[in-house]
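1. I would like to see how this sequence folds:
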Amino acid sequence: MLQITETLAIDEAELEESFMRGAGPGGQNVNKVETAVQLRFRAMASPSLPEAIKARLAQLAGRRLTLDGEIVITARRFRTRELNRQDARQRLAELIRDAAVEPIRRRATRPTRASKERKLAAKKQRGRVKGLRGRVEEG
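-> Purely as a prediction, here's the structure:
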């Protein structure tokens, strides 16, 4: 189980990992060992996620979400396969954790009388300053 929050977890069977050769640091190993990890999670078909989280996740995932509703995360930051696996899983958990936070709805408010008066006073003062910029009379 990949634990996301205290109440939300994803079954390991829903995650699919494939390994490939990673670019970057690794010396001679880089051409021989498949250390980079591509983690796939069928988010839109997942029974573990509520619909509201799926909708927010689709927005947050951006280019990482395929047309099939699959989130693809590629990790190649580290030289070892195990560290890259952990990195990919942490990034997926963080993405889902962000989607699990419900956005706070904005409550419409009206400006106070004092703020309207301050705005008008500032506009009048600005108008006075501009009015003083008249032409200089030649004498």
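2. Point to the helix or strand of the chain where mean pLDDT is at its lowest.
-> strand 2-3 (a mean of 72; mean pLDDT, DSSP states H and E).
3. What is the burial count for residue 45?
-> Per other Cβ atoms under 10 Å, the neighbour tally for residue 45 reads 12. For the C-beta atoms, the positions are set from N, CA and C on the backbone; glycine is no exception.
4. The one 4 residues further on too?
-> A count of nearby residues for residue 49, using other Cβ under 10 Å, gives 22.
5. Ok, residue 90 next?
-> That count, for residue 90 with other Cβ under 10 Å as the rule, works out to 13.
6. Which helix or which strand is home to it?
-> helix 81-100 (DSSP states H and E).
7. Can you name the residues in contact with that helix?
-> 2-5, 8, 10, 15, 17, 19, 22, 33-39, 41, 49, 53, 56-57, 59-61, 64, 71, 73-78 (Cβ atoms under 8 Å, 6 or more residues apart in numbering).
8. contacts for the helix or strand that comes right after that helix?
-> With elements assigned by DSSP H and E, the helix or strand that comes after helix 81-100 is helix 113-131. Helix 113-131 has contacts (Cβ under 8 Å, 6+ apart) with residue 111.
9. what does stretch 57-71 give?
-> Applying Cβ under 8 Å, 6+ apart, the set of residues contacting stretch 57-71 is 40-45, 49, 72-73, 92, 95-96, 98-99.
10. Great, nothing more from me.
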